[in-house]
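Participant: sharing a sequence plus its predicted fold:
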Amino acid sequence: MAKVLVPLATGFEEIEAVSMIDIMRRGGIEVTAAYLDKELVKGANGITIKADVSIDDIDADSFDMIALPGGWGGTYILADDARVQSLLKSYSSGGKYVAAMCAAPYALHLAGVLSDSYTCYPSTEEKIGRTEGYTPDRKVVVDGRVITSRGPGTAICYALAIVRELMGDANYNAVRSGTLSEHC
């Protein structure tokens, strides 16, 4: 079974985190939500999520991917957190997947692991400072082992792309069909 680590930082985008965790679990992926500071993590819109484990207590080698939800508050924290940055670099150099949506591709950029082709929330490319390779017209971009997506409205498509990459077309099609996500 594939395993994905989802770090949650205060100010994360709730739609993105909950949707991606739900869709990945439906697709047969074991998902672990890790907190950076406190077990109860408050999102950008005031919704508090109880994370599974501290990021300090994970076995980083046991995961196949690290996937970041967006939300500027959470993104800045993920981008500044040495543990998250180290995991992003380690996963990328080790041939594992890294994924980020909305504002979170900024954290990939700071880690030096953002792919040549990517998408993100509009205006985030300005923070990244690299518009070549930016594809604003695509909901999800899979470039090698890097997956990026645009924002809250593309969260299901983002998670389905992760399911397809880690679990294959059969799981992808089953979850897509079962959730009526025809436009992904």
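Facilitator: Good, I have the coordinates. Residues are numbered from 1 along each chain as shown.
Participant: rest of the way, CA atoms for contacts and neighbours
Facilitator: Noted.
Participant: neighbours of the closest residue to T135 other than its chain neighbours, how many?
Facilitator: Nearest non-adjacent residue to T135, counting by Cα to Cα, 6 or more residues apart in numbering: T119, 5.2 Å away. Each residue near T119 was counted by other Cα atoms under 10 Å, and the total is 29.
Participant: hang on, T119 packs against V142?
Facilitator: No - T119 lies out of contact with V142 (Cα atoms under 8 Å); the separation is 9.4 Å.
Participant: ok, the residue nearest to T135 - contacts?
Facilitator: Residues counted as contacts of T119 (Cα atoms under 8 Å, 6 or more residues apart in numbering) are M101, P105, Y134, T135, P136, R138, K139, V140, V141, T148, S149, R150.
Participant: P69 against A100, yeah?
Facilitator: Yes - if you go by Cα under 8 Å, P69 and A100 touch, sitting 6.1 Å apart.
Participant: any figure for the gap between the residue nearest to G151 when sequence neighbours are not counted and P152?
Facilitator: Excluding the flanking residues, the one nearest G151 by Cα to Cα, 6+ apart is C102, at 4.2 Å. Distance check for C102 against P152: by Cα to Cα, to the nearest Å, it reads 7 Å.
Participant: please identify which of the two sits among more neighbours.
Facilitator: C102 (28 against 20).
Participant: look at that one and report its pLDDT.
Facilitator: Looking at C102, its pLDDT is 98.
Participant: before we move on, back to that, neighbour count winner among P69 and A100?
Facilitator: Shown here are P69 and A100; by other Cα under 10 Å, P69 has more neighbours (33 against 28).
Participant: helix or strand with the lowest mean pLDDT in this protein?
Facilitator: Lowest mean confidence among the helices and strands of the chain (mean pLDDT, DSSP states H and E): helix 124-128, at a mean of 95.
Participant: for that one, give me every contacting residue.
Facilitator: Helix 124-128 is contacted from outside by C102, A103, P105, Y106, H109, T131, Y134, using Cα under 8 Å, 6+ apart.
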